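Colleague: Need the 3D shape of this:
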Amino acid sequence: MAKDAPPRWDRKMQQRLARGEAAALGELYDRFAALVHQLAHRVLGDEAGADRITREVFAHVWEHPGSYDPKQGPLRTWVAALTHRFAVERLRHTETAALAHGAADAAASTAELERKVRHASATARADYIVASMPPPLRTALEQTYFQRRNYHATAADLGVTADEARRRLRLGLQLLATAHDTSGTPPEPGSVR
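Modeller: Next comes the predicted model:
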(Lines give C-alpha, C1' and ligand atoms only; values in the text may rest on other atoms or scores of the structure.)
Protein backbone atom coordinates (compact mmCIF):
# COMPACT_ATOMS: atom_id res chain seq x y z
CA MET A 1 0.00 0.00 0.00
CA ALA A 2 1.29 3.47 -0.83
CA LYS A 3 2.39 5.57 2.11
CA ASP A 4 -0.29 8.20 1.51
CA ALA A 5 -3.12 5.69 1.03
CA PRO A 6 -5.16 5.43 4.23
CA PRO A 7 -6.36 2.06 5.51
CA ARG A 8 -9.63 0.99 3.95
CA TRP A 9 -11.58 0.96 7.22
CA ASP A 10 -10.51 4.52 8.01
CA ARG A 11 -11.59 5.77 4.58
CA LYS A 12 -14.93 4.00 4.76
CA MET A 13 -15.59 5.22 8.30
CA GLN A 14 -14.79 8.81 7.33
CA GLN A 15 -17.19 8.56 4.39
CA ARG A 16 -19.96 7.04 6.53
CA LEU A 17 -19.54 9.74 9.18
CA ALA A 18 -19.63 12.44 6.50
CA ARG A 19 -22.95 10.98 5.28
CA GLY A 20 -24.31 11.23 8.84
CA GLU A 21 -24.67 7.50 9.49
CA ALA A 22 -25.45 7.12 13.19
CA ALA A 23 -24.40 3.46 13.01
CA ALA A 24 -20.92 4.60 11.96
CA LEU A 25 -20.61 6.74 15.09
CA GLY A 26 -21.71 3.76 17.18
CA GLU A 27 -19.14 1.55 15.53
CA LEU A 28 -16.44 4.17 16.03
CA TYR A 29 -17.45 4.56 19.67
CA ASP A 30 -17.33 0.79 20.24
CA ARG A 31 -13.87 0.67 18.73
CA PHE A 32 -12.26 3.71 20.38
CA ALA A 33 -14.24 4.69 23.51
CA ALA A 34 -11.96 2.75 25.86
CA LEU A 35 -8.87 4.38 24.32
CA VAL A 36 -10.40 7.86 24.52
CA HIS A 37 -11.49 7.41 28.13
CA GLN A 38 -8.12 5.95 29.18
CA LEU A 39 -6.15 8.79 27.57
CA ALA A 40 -8.44 11.46 29.02
CA HIS A 41 -8.27 9.87 32.47
CA ARG A 42 -4.50 9.70 32.25
CA VAL A 43 -4.27 13.43 31.52
CA LEU A 44 -6.97 14.59 33.94
CA GLY A 45 -6.70 11.99 36.70
CA ASP A 46 -10.46 12.32 37.09
CA GLU A 47 -13.15 9.79 36.14
CA ALA A 48 -15.92 12.37 35.64
CA GLY A 49 -13.59 14.57 33.57
CA ALA A 50 -12.60 11.60 31.42
CA ASP A 51 -16.29 10.82 30.86
CA ARG A 52 -16.91 14.43 29.76
CA ILE A 53 -13.93 14.39 27.39
CA THR A 54 -15.10 11.09 25.90
CA ARG A 55 -18.50 12.62 25.16
CA GLU A 56 -16.87 15.77 23.75
CA VAL A 57 -14.54 13.84 21.45
CA PHE A 58 -17.31 11.75 19.93
CA ALA A 59 -19.59 14.79 19.67
CA HIS A 60 -16.80 16.60 17.79
CA VAL A 61 -16.33 13.63 15.47
CA TRP A 62 -20.07 13.54 14.78
CA GLU A 63 -20.39 17.30 14.25
CA HIS A 64 -17.17 17.72 12.23
CA PRO A 65 -16.54 14.47 10.31
CA GLY A 66 -14.76 16.39 7.55
CA SER A 67 -12.03 17.54 9.94
CA TYR A 68 -10.48 14.07 9.70
CA ASP A 69 -8.28 13.62 6.65
CA PRO A 70 -7.47 9.94 6.07
CA LYS A 71 -4.32 10.96 4.19
CA GLN A 72 -2.88 12.50 7.37
CA GLY A 73 -2.82 9.24 9.32
CA PRO A 74 -4.96 6.55 10.89
CA LEU A 75 -8.33 7.39 12.38
CA ARG A 76 -7.14 5.98 15.70
CA THR A 77 -4.31 8.52 15.79
CA TRP A 78 -6.66 11.38 14.94
CA VAL A 79 -9.12 10.36 17.68
CA ALA A 80 -6.24 10.03 20.18
CA ALA A 81 -4.90 13.47 19.20
CA LEU A 82 -8.36 15.01 19.61
CA THR A 83 -8.63 13.39 23.03
CA HIS A 84 -5.22 14.66 24.02
CA ARG A 85 -6.01 18.19 22.86
CA PHE A 86 -9.40 18.32 24.59
CA ALA A 87 -8.05 16.83 27.83
CA VAL A 88 -5.08 19.21 27.98
CA GLU A 89 -7.39 22.17 27.32
CA ARG A 90 -9.67 20.97 30.14
CA LEU A 91 -6.71 20.47 32.49
CA ARG A 92 -5.40 23.97 31.74
CA HIS A 93 -8.85 25.48 32.24
CA THR A 94 -9.46 23.64 35.50
CA GLU A 95 -6.05 24.39 36.93
CA THR A 96 -6.14 28.03 35.81
CA ALA A 97 -9.51 28.46 37.51
CA ALA A 98 -8.07 26.95 40.69
CA LEU A 99 -5.11 29.34 40.49
CA ALA A 100 -7.41 32.31 40.12
CA HIS A 101 -9.20 31.36 43.34
CA GLY A 102 -6.28 31.49 45.67
CA ALA A 103 -2.76 31.21 44.38
CA ALA A 104 -0.42 33.56 46.21
CA ASP A 105 2.44 33.20 43.73
CA ALA A 106 0.86 33.20 40.28
CA ALA A 107 4.14 32.83 38.35
CA ALA A 108 5.21 29.74 40.32
CA SER A 109 1.70 28.32 40.07
CA THR A 110 1.59 28.86 36.31
CA ALA A 111 4.94 27.12 35.94
CA GLU A 112 3.63 24.23 38.06
CA LEU A 113 0.52 24.04 35.88
CA GLU A 114 2.61 23.82 32.71
CA ARG A 115 4.78 21.13 34.32
CA LYS A 116 1.65 19.14 35.20
CA VAL A 117 0.30 19.48 31.68
CA ARG A 118 3.59 18.37 30.11
CA HIS A 119 3.84 15.41 32.49
CA ALA A 120 0.23 14.34 31.90
CA SER A 121 0.68 14.68 28.14
CA ALA A 122 3.86 12.60 28.08
CA THR A 123 2.28 9.93 30.27
CA ALA A 124 -0.83 9.70 28.12
CA ARG A 125 1.28 9.56 24.97
CA ALA A 126 3.43 6.77 26.43
CA ASP A 127 0.31 4.77 27.28
CA TYR A 128 -1.00 5.26 23.77
CA ILE A 129 2.33 4.25 22.21
CA VAL A 130 2.52 1.04 24.26
CA ALA A 131 -1.10 0.17 23.51
CA SER A 132 -0.52 0.78 19.78
CA MET A 133 2.67 -1.27 19.50
CA PRO A 134 2.61 -4.48 17.54
CA PRO A 135 2.10 -7.40 19.95
CA PRO A 136 5.68 -8.74 19.65
CA LEU A 137 7.18 -5.40 20.77
CA ARG A 138 4.57 -4.79 23.46
CA THR A 139 4.96 -8.31 24.89
CA ALA A 140 8.75 -8.02 25.00
CA LEU A 141 8.52 -4.68 26.85
CA GLU A 142 5.88 -5.91 29.27
CA GLN A 143 7.79 -9.05 30.16
CA THR A 144 11.11 -7.29 30.55
CA TYR A 145 10.04 -4.17 32.42
CA PHE A 146 6.77 -4.93 34.15
CA GLN A 147 7.65 -8.50 35.07
CA ARG A 148 11.30 -7.55 35.70
CA ARG A 149 12.75 -10.30 33.52
CA ASN A 150 16.03 -10.16 31.66
CA TYR A 151 16.08 -10.36 27.88
CA HIS A 152 17.29 -14.00 27.94
CA ALA A 153 14.19 -15.08 29.90
CA THR A 154 11.99 -12.91 27.67
CA ALA A 155 13.53 -14.50 24.57
CA ALA A 156 12.89 -17.98 25.94
CA ASP A 157 9.27 -17.15 26.78
CA LEU A 158 8.65 -15.64 23.37
CA GLY A 159 10.44 -18.43 21.52
CA VAL A 160 12.90 -16.07 19.83
CA THR A 161 16.66 -15.61 19.95
CA ALA A 162 18.27 -13.32 22.51
CA ASP A 163 19.28 -10.99 19.65
CA GLU A 164 15.67 -10.79 18.48
CA ALA A 165 14.48 -10.06 22.04
CA ARG A 166 17.06 -7.26 22.36
CA ARG A 167 15.99 -5.86 18.97
CA ARG A 168 12.35 -5.80 20.03
CA LEU A 169 13.21 -4.13 23.31
CA ARG A 170 15.39 -1.54 21.62
CA LEU A 171 12.70 -0.71 19.07
CA GLY A 172 10.01 -0.56 21.76
CA LEU A 173 12.13 1.78 23.87
CA GLN A 174 12.85 3.97 20.85
CA LEU A 175 9.13 4.30 20.27
CA LEU A 176 8.56 5.14 23.93
CA ALA A 177 11.28 7.79 23.81
CA THR A 178 9.07 9.76 21.44
CA ALA A 179 6.47 10.12 24.21
CA HIS A 180 8.37 12.93 25.87
CA ASP A 181 7.72 15.84 23.53
CA THR A 182 9.63 18.83 24.82
CA SER A 183 7.66 21.37 22.80
CA GLY A 184 4.87 21.30 25.38
CA THR A 185 2.18 21.45 22.70
CA PRO A 186 -0.18 18.63 21.93
CA PRO A 187 -0.02 17.11 18.45
CA GLU A 188 -2.50 18.42 15.93
CA PRO A 189 -5.23 15.93 15.04
CA GLY A 190 -4.06 13.79 12.15
CA SER A 191 -0.37 14.49 12.71
CA VAL A 192 1.94 11.63 13.47
CA ARG A 193 5.12 12.40 15.38
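Colleague: mind checking which helix or strand the residue nearest the centre of the chain is in?
Modeller: Central residue of the chain (CA atoms, centre = their mean): residue 128, 4.0 Å from the mean position. Per DSSP states H and E, residue 128 falls inside helix 106-132.
Colleague: cool, and residue 59?
Modeller: Using DSSP H and E, residue 59 sits in helix 47-63.
Colleague: Which strands and helices lie in contact with that helix?
Modeller: If you count contacts as 3 or more CB pairs under 8 Å, 6 or more residues apart in numbering; DSSP states H and E, helix 47-63 packs onto helix 22-44, helix 75-100. Using the backbone N, CA and C atoms, a C-beta is placed for each residue, glycine as well.
Colleague: one step back: count of residues packed around the nearest residue to the residue nearest to the centre of the chain once chain neighbours are set aside?
Modeller: Distances taken as CB to CB, 6 or more residues apart in numbering place residue 80 nearest to residue 128, at 5.4 Å, with adjacent residues excluded. Residue 80: 27 surrounding residues under other CB atoms under 10 Å.
Colleague: you'd agree residue 80 is up against residue 38?
Modeller: No. Applying CB atoms under 8 Å, one finds residue 80 not in contact with residue 38, separated by 9.9 Å.
Colleague: That's all I had, so thanks and see you.
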